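**Q** Task: produce atomic coordinates for the following.
(chains A and B)
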Amino acid sequence: MEPARFDNIFFARGKRELFTRSKGDALFDEKIVVMDGVSCRSWDPKRSKLGAAIMKGASQIGIREGSIVLYLGAAHGYTPSFVSDIIGEAGMVFALDFAPRVVKDLIHVCEQRQNMVPLLGDASNPRSYLDRLCLVDVVYQDIAQRLQTRIFLDNCRLFLKPDGYGLFAVKARSIDVARNPDAIFKEVALELAKELVIVDQRRLDPFEKDHIMFICKKR
Amino acid sequence: MTTIQYQNCLGTFIFTKDLKLIKHDAEGRDLASEYGAVPPDKTLIPPILEFFRDPQWLRAFHAKGIALAKASILADFSRDQLIITTIAYLDDLSKVSNMLTKRLRDAYYEVFPEPAMRIRDNGKFVELVATKSPAELRDDLRLSKDEVMEAPLRKGDWERLHGLAVRVHGLYAEKEASERYLDALMTELCPNMLALTGSTIGARLLQLAGSLKKLSIMPATTVQVLGAETAMFRHMRNKRYLPPKYGILHEHPAFASTPRYIHGKIARALADRIAIAAKVDYFKGKPVGEELKEQFEKRLAMIIRQKRARPMPVRSSAEAGRKDDRDGRPRRQHHPSQNPPRTSQKEKGQRWKPSRQMKPRRYR
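**A** Alright, predicted model coming up:
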């Protein structure tokens, strides 16, 4: 087990496995490893695009101990639960999804974590959940929507504090099933660069096909 | 001095101009007149949101967020979800009961083959072996004890075999009850679609669409290809593949007795009416199901009448020798690599490559 360069994240087995420091509760039946009294939760990069980006060597992720994170597209709360590990007790994850079905699972996770808030809302309409959160250090978005770039920029404009980070997982196939992913990524990057500074980008294969993670910073 | 009133899920907040908190009301009452407060203008939103980064408010967001999410999930429930769970349950039930019936037949073939051999109907077979003893079964089949190939089984053996039979019989009863329940749900929630499609197809359309709301805002063309997503996306990726003409609608009785080359037209007409029915069902309008059904049947009769007017099949020389099983239409080109298009004289030297820019092939 060796610490990665990010808070509370560890690599194991020669950077082949990913762990986060955790309270020792396996929320999704993950492997728990106890090292020197610190319990670590195994993080599967195939199920989590943030995990995949870290495995692919992302230079920075912006999420650190005490960060306040807006997580769009939280689904069952798998990745958000690891974000909650990283930020620790002092931070907060606002986890948003728009499908009632998965928010049920999300609520269950949030009830066990003091630093997670479930939000049921539509990311394409940020004003609809304006009354339920505060300014955040990081906006993370992973939603399969055609207009995902615009949704991301809207949310960054409204909720991201200056110098905050925006993490944006792009699924090329939900922007256009037919077109070449590389061309789509180029277009997205151009659009992002109008408002944010792209500090890093990582293709997520082999963990996810036709995906890319953009790591941006607000000016 | 003007003050600012900001309301969010944590209540009402009154701030001074430089964002000092004067008053917090957790009940969320409107205090604007009491404090002479105005709503914040756009430039003030970020500093106000910054104010709520305090740990005290974050903890409040946690508690309030869970309560609000639970409340909105409850508010989101609608009864059409029951239709979707019921049709999924029915699918699984028939799969499981078929599998176990096969197992039961196999078991009977080993020890007492006569009922399994002579009663072909699954439901009847299961009912008989579940409710009758071997002796009664023998009498039912009018066989004497010497004629049957009954294995010398002990009491415990029969008990297990009978146990399986009773379970499977229970599954059949459960299936019938669920079918009745589905019919009742459809009559209650989508009477108009029920009139047009019958409960199974109607329920399946709902299942594919996700909810009655989603189905009601779908265009008819989308309804037409619900259930044919694989073919649809294959076509969208590569226009050399033909688009599907129908999805789950093809189970409708109108398709069974009509020739295949008019199925596309029928699907279009049916989907058209279903889209209207779904809208009426969702918005609880006055019933139009019977009327829509009549219109569809009229259109169906017209399509069948017109079928004589179809153009003569055009066949290329390459296809002339092939057995024609496609009602005279030219053979569909299944995969570009298996079936490259005829190249013109100029291109003949080049290797053919599938191209996404190629125009869709249409029936002639």
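**Q** rest of the way, CA atoms for contacts and neighbours
**A** Noted.
**Q** what are the phi and psi values for residue A:201?
**A** The phi and psi values for residue A:201, taken as degrees, to the nearest 10, are phi -140, psi 140.
**Q** what pLDDT does the residue lying closest to residue A:97 once chain neighbours are set aside get?
**A** In this structure, residue A:97 finds its nearest non-sequential neighbour in residue A:73, 4.9 Å apart by CA to CA, 6 or more residues apart in numbering or on different chains. According to the prediction, residue A:73 has pLDDT 95.
**Q** Residue A:78 contacts residue A:26, doesn't it?
**A** No: using CA atoms under 8 Å, residue A:78 is not in contact with residue A:26, being 10.9 Å away.
**Q** how about low-confidence regions in the stretch 251-364 of chain B?
**A** Scanning the stretch 251-364 of chain B for pLDDT under 70 picks out B:308-364.
**Q** Close to chain A: what parts of it are there?
**A** Within the stretch 251-364 of chain B, no position lies close to chain A (CA under 8 Å from any CA of the partner chain).
**Q** three-state assignment of residue 106?
**A** If you meant another chain, say so; for now it's chain A. Following DSSP: H, G, I helix; E, B strand; the rest coil, the label given to residue A:106 is helix.
**Q** Give me the local confidence score for it.
**A** The score at residue A:106 is 95. That number is its pLDDT.
**Q** Quick one: neighbours of it, just the number.
**A** 28 (other CA atoms under 10 Å in any protein chain shown).
**Q** just residue A:28 next, same as before
**A** Neighbour tally, residue A:28, other CA under 10 Å: 12.
**Q** The one 4 residues further on now?
**A** Burial measure for residue A:32: 19 neighbouring residues, criterion other CA under 10 Å.
**Q** now swap in residue B:55 and tell me
**A** 12.
**Q** and it, what does it touch?
**A** Contact analysis of residue B:55 by CA atoms under 8 Å, 6 or more residues apart in numbering or on different chains lists residue A:90.
**Q** And it, what's its pLDDT?
**A** So residue B:55 comes in at 92 (pLDDT).
**Q** hang on, the earlier thing: so for residue A:78 and residue A:26, which residue has more residues nearby?
**A** Using other CA under 10 Å as the criterion, residue A:78 and residue A:26 rank with residue A:78 on top: 18 against 13.
**Q** give me every residue that touches the more buried one.
**A** By CA under 8 Å, 6+ apart, the contact set of residue A:78 is A:28, A:47, A:48.
**Q** Distance-wise, check it relative to chain B.
**A** 17 Å (CA to the nearest CA, to the nearest Å).
**Q** Got phi/psi on that residue?
**A** Here is the backbone geometry of residue A:78 (degrees, to the nearest 10): phi -70, psi -60.
**Q** re the thing from before, among the contacts of residue A:78, find the lowest-pLDDT one for me.
**A** Ranked by pLDDT, the contacts of residue A:78 bottom out at residue A:28 (89).
**Q** Leaving out chain neighbours, which residue sits closest to that one?
**A** residue A:78 (7.4 Å).
**Q** Just give me the residue closest to the centre of chain A.
**A** residue A:140 (4.5 Å; CA atoms, centre = their mean).
**Q** helix or strand right after the helix or strand hosting that one?
**A** Using DSSP states H and E, residue A:140 falls within strand A:136-141. The helix or strand immediately downstream of strand A:136-141 is helix A:148-159, counting by DSSP H and E.
**Q** And the contacts of that next one?
**A** With CA under 8 Å, 6+ apart as the test, helix A:148-159 has contacts from A:123-126, A:134-136, A:139, A:141, A:166, A:168, A:170, A:175, A:188, A:191-192, A:195, A:218, B:46, B:49.
**Q** Among those, which lie within strands?
**A** Counted as lying in strands by DSSP state E, out of those, are A:136, A:139, A:141, A:166, A:168, A:170, A:218.
**Q** beta partners of the fifth one?
**A** Counting by DSSP bridges, residue A:168 forms beta bridges with residue A:141, residue A:214.
**Q** show me the contacts for it.
**A** Taking CA under 8 Å, 6+ apart as the test, what residue A:168 contacts is A:140, A:141, A:142, A:152, A:213, A:214, A:215, A:216.
**Q** Name the pair among those with the greatest separation in space.
**A** A:142 and A:216 (14.2 Å; CA to CA).
**Q** more neighbours, these two?
**A** residue A:216 (27 against 21).
**Q** what about that one, which helix or strand?
**A** strand A:211-218.
**Q** Check which helices and strands that strand sits against.
**A** strand A:160-171, strand A:196-203 (3 or more CA pairs under 8 Å, 6 or more residues apart in numbering or on different chains; DSSP states H and E).
**Q** Show me which residues of the strand or helix carrying residue B:178 are buried.
**A** Assigned by DSSP H and E, residue B:178 falls within helix B:155-189. Across helix B:155-189, burial judged by 16 or more other CA atoms under 10 Å in any protein chain shown covers B:161-162, B:164-166, B:168-172, B:175, B:178-179, B:182-183, B:185-187, B:189.
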